[in-house]
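Enquirer: just coords:
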């Protein structure tokens, strides 16, 4: 799968996502048709192992493709990036789990991996139970991933076949990224997960997870947490580009009451457009540069902590710049931009929701870099 070909296909079919974006926002999930289009284009398989039909490309290629989807529907891009990132994560599991997951090479994996729940061990098996929030795209998934803690073993991620009865349909009522359908998974009665469908996070962090040893690819040796952060930023870049385009489209129809005439003739609007478009371009360049460096870290035998920290820094800063650009344009879009049918307000809500994500929020990203740079 060539990146240029995929991006051409995304732009050729992107209006299909665009026309469903408002409905996704209102219903709290992307449509089955939007999810199917992601699957048909193989847009979620850029960093899936070649052994199982994936492109096994690069984090940079993944970021470029996901950003392109974000130009049409940020919620679809968010689901696509999560499914893609979880394919990368699944490549670290024992080979038996990968064979089960990718019996259908186009399978979609939705996961909630923050280890908030305590799991019990029963021999080599893990008994999973609890509530697992923010499982983006879970309504369309073939498999679920759930994170927890096991005694002595620390954080783990477990794979289970998707079961719609585990989805708390009423748990996703939000003001931004509504269309991602990031609902809670609820497992009231323990589910037994065999050892081959369990990933110990410490093994992945130390580059000795079974899948890392099996594939032997630098792609799957990229630092786990830094990769998990950067792969989420692509949708923000795409949405910010869409906001620039929408701001321009609205100029003629937006009348400036204070001075008369359309906003197109307003110098202040032109200045906002110039600054915001430049800032979005800068945000994209910063993110892609970070993605290139992240790809390179997979080849480092002992990645420098400051270099790893710079991935968090630049991911957070690119999201911050892109969001600032959208804020600047939305501020000048007038009362008509408040209408639910107006795309720019949805883009504004979605990018601001994304910037609050714990792994991309600026304060945390900056602190990770500062601690590494200062040796704290």
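Expert: Noted; the coordinates are in hand. Keep in mind that what you see is a predicted model, and the values were worked out from it rather than measured.

Enquirer: just give the number of residues close to residue 5.
Expert: 10 (other CB atoms under 10 Å). In short, each C-beta sits where N, CA and C put it, glycine included.

Enquirer: for residue 374, same thing?
Expert: For residue 374, the tally of surrounding residues (other CB under 10 Å) stands at 9.

Enquirer: how about the strands in the stretch 101-250 of the chain?
Expert: Here the stretch 101-250 of the chain has its strands, by DSSP state E, counting those that start in this stretch, at 109-122, 125-135, 143-150, 154-161, 167-168, 183-193, 198-200.

Enquirer: in terms of contact, does residue 125 touch residue 194 like I think?
Expert: Yes - if you go by CB atoms under 8 Å, residue 125 and residue 194 touch, sitting 5.7 Å apart.

Enquirer: now for the closest residue to residue 175 other than its chain neighbours: which residues touch it?
Expert: Nearest non-adjacent residue to residue 175, counting by CB to CB, 6 or more residues apart in numbering: residue 349, 5.9 Å away. Contacts of residue 349 were listed using CB atoms under 8 Å, 6 or more residues apart in numbering, and they are 175, 176, 177, 178.

Enquirer: which elements pack onto the helix or strand harbouring residue 274?
Expert: Taking DSSP states H and E as the definition, residue 274 sits inside helix 267-297. On a contact count with 3 or more CB pairs under 8 Å, 6 or more residues apart in numbering; DSSP states H and E, helix 267-297 meets helix 59-70, helix 224-230, helix 234-249, helix 305-331.

Enquirer: same thing but 6 Å
Expert: helix 59-70, helix 234-249, helix 305-331 (3 or more CB pairs under 6 Å, 6 or more residues apart in numbering; DSSP states H and E).

Enquirer: list of residues touching the second one?
Expert: Outside of helix 234-249, the residues that reach it under the criterion CB atoms under 6 Å, 6 or more residues apart in numbering are 63, 66-67, 70-71, 74, 77-78, 81, 277, 280, 284, 319, 322, 325-326, 329, 343-344, 347, 350-351, 354.

Enquirer: for stretch 139-151, same thing?
Expert: Residues contacting stretch 139-151 (CB under 6 Å, 6+ apart): 29, 35, 101, 107-115, 117-119, 121, 128, 132, 155-160, 162, 181, 185.

Enquirer: residues near the closest residue to residue 71 other than its chain neighbours, how many?
Expert: Distances taken as CB to CB, 6+ apart place residue 238 nearest to residue 71, at 4.5 Å, with adjacent residues excluded. Residue 238 sits with 32 neighbouring residues when counted by other CB under 10 Å.

Enquirer: what kind of secondary structure is the closest residue to residue 31 other than its chain neighbours in?
Expert: The spatially closest residue to residue 31, leaving aside those adjacent along the chain, is residue 20, at 5.2 Å (CB to CB, 6+ apart). The three-state label given to residue 20 by DSSP: H, G, I helix; E, B strand; the rest coil is helix.

Enquirer: between the strands of the stretch 101-250 of the chain, which one is nearest to residue 227?
Expert: strand 109-122 (12.6 Å; CB to CB).

Enquirer: quick check: buried residues in that closest one?
Expert: Going by neighbour count (16 or more other CB atoms under 10 Å), the buried part of strand 109-122 is 109, 110, 111, 112, 113, 114, 115, 117, 119.

Enquirer: so the protein: which segments form each domain?
Expert: Per automatic domain parsing, the structural domains of the chain span 3-103, 109-200, 224-374.

Enquirer: can you pull the contacts of the closest residue to residue 143 other than its chain neighbours?
Expert: In this structure, residue 143 finds its nearest non-sequential neighbour in residue 109, 4.7 Å apart by CB to CB, 6+ apart. Going by CB under 6 Å, 6+ apart, residue 109 touches 86, 90, 143.

Enquirer: any idea how far residue 315 is from residue 142?
Expert: Noted for residue 142: a distance of 28 Å to residue 315, by CB to CB, to the nearest Å.

Enquirer: so for these two, which sits in the more crowded spot?
Expert: More neighbours surround residue 315 than the other of residue 142 and residue 315, with 27 against 17 (other CB under 10 Å).

Enquirer: dump the residue contacts of that one.
Expert: Residue 315 neighbours (CB under 6 Å, 6+ apart): 229, 230, 233, 290.

Enquirer: quick check: the third one touching residue 320?
Expert: No - in terms of CB atoms under 6 Å, residue 233 does not count as a neighbour of residue 320; the distance is 10.4 Å.

Enquirer: so where's the chain uncertain?
Expert: 257-259 (pLDDT under 70).

Enquirer: what is the neighbour count of residue 222?
Expert: 27.

Enquirer: how near is residue 293 to residue 309?
Expert: Taking CB to CB, one finds residue 293 at 11 Å from residue 309.

Enquirer: higher neighbour count, these two?
Expert: Between residue 293 and residue 309, counted using other CB under 10 Å, the more crowded position is residue 309 (21 against 18).
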